[in-house]
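Engineer: Give the three-dimensional model of this entry:
(2 chains)
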Number of protein chains: 2
Amino acid sequence: MSARPQQPPATIGVVGAAGVVGVSWVAMFRHHGFDVVAQDPAPNLAGRIESFVARAEAALRELVPSTRTPGRVRCVGTLSELGAVDYVQENAPEREELKRQVLAELDALLPPDVVIGSSTSALLRSSLVRDCRVAPSRVIVAHPFNPPHLLPLVELVGAAPEDPAVAWATAFFRGLGKTPIVLRREVVGHIANRLNSSIYREAVSLVEQGVASVEEVDAAMTAGPGPRWAVFGPHLLYHLGGGPGGLRHYLEHLGPSQVRRWADLRTPELTPELCAELIAGVDAAAAGRSVEDLENERDAALLALLRARTGSGATAEG
Amino acid sequence: MSARPQQPPATIGVVGAAGVVGVSWVAMFRHHGFDVVAQDPAPNLAGRIESFVARAEAALRELVPSTRTPGRVRCVGTLSELGAVDYVQENAPEREELKRQVLAELDALLPPDVVIGSSTSALLRSSLVRDCRVAPSRVIVAHPFNPPHLLPLVELVGAAPEDPAVAWATAFFRGLGKTPIVLRREVVGHIANRLNSSIYREAVSLVEQGVASVEEVDAAMTAGPGPRWAVFGPHLLYHLGGGPGGLRHYLEHLGPSQVRRWADLRTPELTPELCAELIAGVDAAAAGRSVEDLENERDAALLALLRARTGSGATAEG
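Structural biologist: Here you go, the predicted structure:
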């Protein structure tokens, strides 16, 4: 395939648009002035999108000012109704066979220069494109971090890092104010969900070992490491942990202690008893709030944090 | 020992007051109106404290309004000059023999009802108190997360979770607006530094495996998982990851996939080549900024985030 021209596309297809990630993409693309074809076999697709967009658009207006009029959204039930689109964001359920089939169908349907980005959170691109016959290299991973309309991260994985489809997606997402990161090789969970899994493993292990409750582990996170990770990444933070001598001093003097700490980390076994304790713990923490209540709370807090970060002038990436 | 009365103490000793953690505690206690005896053999202790307090007090006034006049700071070089104090925060260098000796000396010097909290980040309380002969149970871990004057977390480890010294410290730190978390049993790195080590292990592993550069891993963190962890902890976030069915649904349907992802995480070997790559990576990210420049940037951004979080009304702990 050849690289597409750099002007923003006019119409974007969102496949699997009824789920939590899909609706969030619809809201974001629409906010930036793109017309969106939202595809999902789910009943009441239009209703779900309408209510999500109503909630998300206010946040988007605050966070990502756009002078463009929000685009129109057309809802369809099948892939063959997508029509002419300039980019497709695929959000089918996270099952390999299903996604393979959806991507192969899209690859057969769309002109070979239309890039197709998959929101897969932990499947490998090389497996997902196995049934694509027309132009597999235009099928890439474009993984956002939930909620996509608020968090800037988009992880990109192509057939190769220099692939034209990856270059096109990098420019496209950067133009929308996102932070695209191109992986140099594919790996299960990309970057963000590997960090996520690492933390969850230890968070579960601390409960399993009886060090602290579910609520206490979560409170330690939001009162301690969490806010720092909203500002700097782990590498730069360990650089600061070395004092004036920075990471070189840290690794020379405390590297061995870090290696000992790594050896002390363990993988918990998700027994029925431990799962019951984890579920009881989050139920206690939720204190009657539904998952939707908590999502609204999370998004309001994220919006406030992201606005504060923009305003503080700190450059997270150096 | 008996539990101390709940009114705030008037004078606090900060031992090891010249280091980055010590000066931050001095600034915080002083801001809350306590007189502080700052002990450290380092030259120019008074100068270091003065310049740090000048910078920190503005942030503290914004973040933790206090109607009390800031306390006075008296600088001393040796432990025997501490005089009468109502609590001691110990911040000697993180070497077990040294801290054991400092804590034993403090235990011999101070009346047995004065609680002594150690800022140790990864040593076990049971080892640290081994040479205390007078009242070892009043010697506890009281580990802050850097920078202590801004981040609310204080991890407490006592001889037992119900110990009077732990109860006293819980009430004391809560009264200062901090978030004390009592560990039910001691473990290397407490809670926060185990989470920190888990993340760093994977952040280093991603560079080792050639998935992304130091800067790209850090950018993925601050653009994705980081801001979420400033809002909710890992347990509640995985509860949201389960959709309307919450964590129960998540563990039933995606638990096995999480276990597979845990199995895919690995411990990198800190070879000289890898260390050189990590150091070159943070140097590139720092782009000429000194560690002190980066600390100032981090603290300005943290202040903005913590103020936004307070204002957004989100309750991080449920």
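
Engineer: Only C-alpha atoms from now on, for both contacts and neighbour counts.
Structural biologist: Will do.

Engineer: so where's chain A uncertain?
Structural biologist: Residues of chain A meeting the criterion pLDDT under 70: A:1-9, A:312-318.

Engineer: for it, what spans make up the strands?
Structural biologist: For chain A, the strands defined by DSSP state E occupy A:11-15, A:35-39, A:73-76, A:87-90, A:115-118, A:139-144, A:153-157, A:179-182.

Engineer: Redo the ones you listed as CSV? Include distance to chain B.
Structural biologist: CSV is the format used below for the strands of chain A (distance: least, C-alpha to the nearest C-alpha, whole Å):
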stretch, distance to chain B
strand A:11-15, 19
strand A:35-39, 20
strand A:73-76, 23
strand A:87-90, 18
strand A:115-118, 17
strand A:139-144, 8
strand A:153-157, 5
strand A:179-182, 7
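
Engineer: out of these, nearest to residue B:282?
Structural biologist: With C-alpha to C-alpha as the measure, strand A:179-182 is the member of the strands of chain A nearest residue B:282 (17.3 Å).

Engineer: Contacts for that closest one next, please.
Structural biologist: Identification of contacts with strand A:179-182 by C-alpha atoms under 8 Å, 6 or more residues apart in numbering or on different chains yields A:152-157, A:161, A:166, A:170, A:173-174, B:212, B:216, B:219-220, B:223.

Engineer: same question, stretch A:205-223
Structural biologist: Taking C-alpha under 8 Å, 6+ apart as the rule, stretch A:205-223 contacts A:203, A:266-268, A:274, A:278, A:281-282, A:284-285, B:151-153, B:155, B:179, B:181-187, B:191-192, B:229-236, B:316-317.

Engineer: If we go by neighbour counts, what in that stretch is buried?
Structural biologist: By neighbour count on 16 or more other C-alpha atoms under 10 Å in any protein chain shown, the buried set for stretch A:205-223 is A:205-208, A:211-223.

Engineer: Equivalent analysis for stretch A:172-180, please.
Structural biologist: Across stretch A:172-180, burial judged by 16+ other C-alpha under 10 Å covers A:172-173, A:178-180.

Engineer: And those, which two are furthest apart?
Structural biologist: Taking C-alpha to C-alpha as the measure, the buried residues of stretch A:172-180 span a maximum distance of 10.5 Å, between A:172 and A:179.

Engineer: Show me where the stretch 1-150 of chain A has its helices.
Structural biologist: A:20-31, A:45-63, A:96-109, A:125-128 (DSSP state H, counting those that start in this stretch).

Engineer: Could you say which of those is packed most deeply?
Structural biologist: Comparing the helices of the stretch 1-150 of chain A on average neighbours per residue, with mean count of other C-alpha atoms under 10 Å in any protein chain shown, the densest one is helix A:20-31 at a mean of 24.

Engineer: okay, the angle between that one and strand A:35-39?
Structural biologist: 160 degrees (axes from the mean of the first three to the mean of the last three C-alpha atoms, to 10 degrees).

Engineer: other SSEs contacting helix A:20-31?
Structural biologist: strand A:11-15, strand A:35-39, helix A:45-63 (3 or more C-alpha pairs under 8 Å, 6 or more residues apart in numbering or on different chains; DSSP states H and E).

Engineer: List just the one of these that sits closest to residue B:142.
Structural biologist: Minimum separation from residue B:142 across the helices and strands packed on helix A:20-31 (C-alpha to C-alpha) falls at helix A:45-63, 38.5 Å.

Engineer: chain center to that closest one: distance?
Structural biologist: With C-alpha atoms, centre = their mean, to the nearest Å as the basis, helix A:45-63 stands 18 Å off its chain's centre.

Engineer: again with stretch A:266-273
Structural biologist: With C-alpha atoms, centre = their mean, you get 26 Å for stretch A:266-273.

Engineer: Does chain B have contacts with that stretch?
Structural biologist: Yes: Stretch A:266-273 lies within reach of chain B by C-alpha under 8 Å from any C-alpha of the partner chain, at A:267, A:270.
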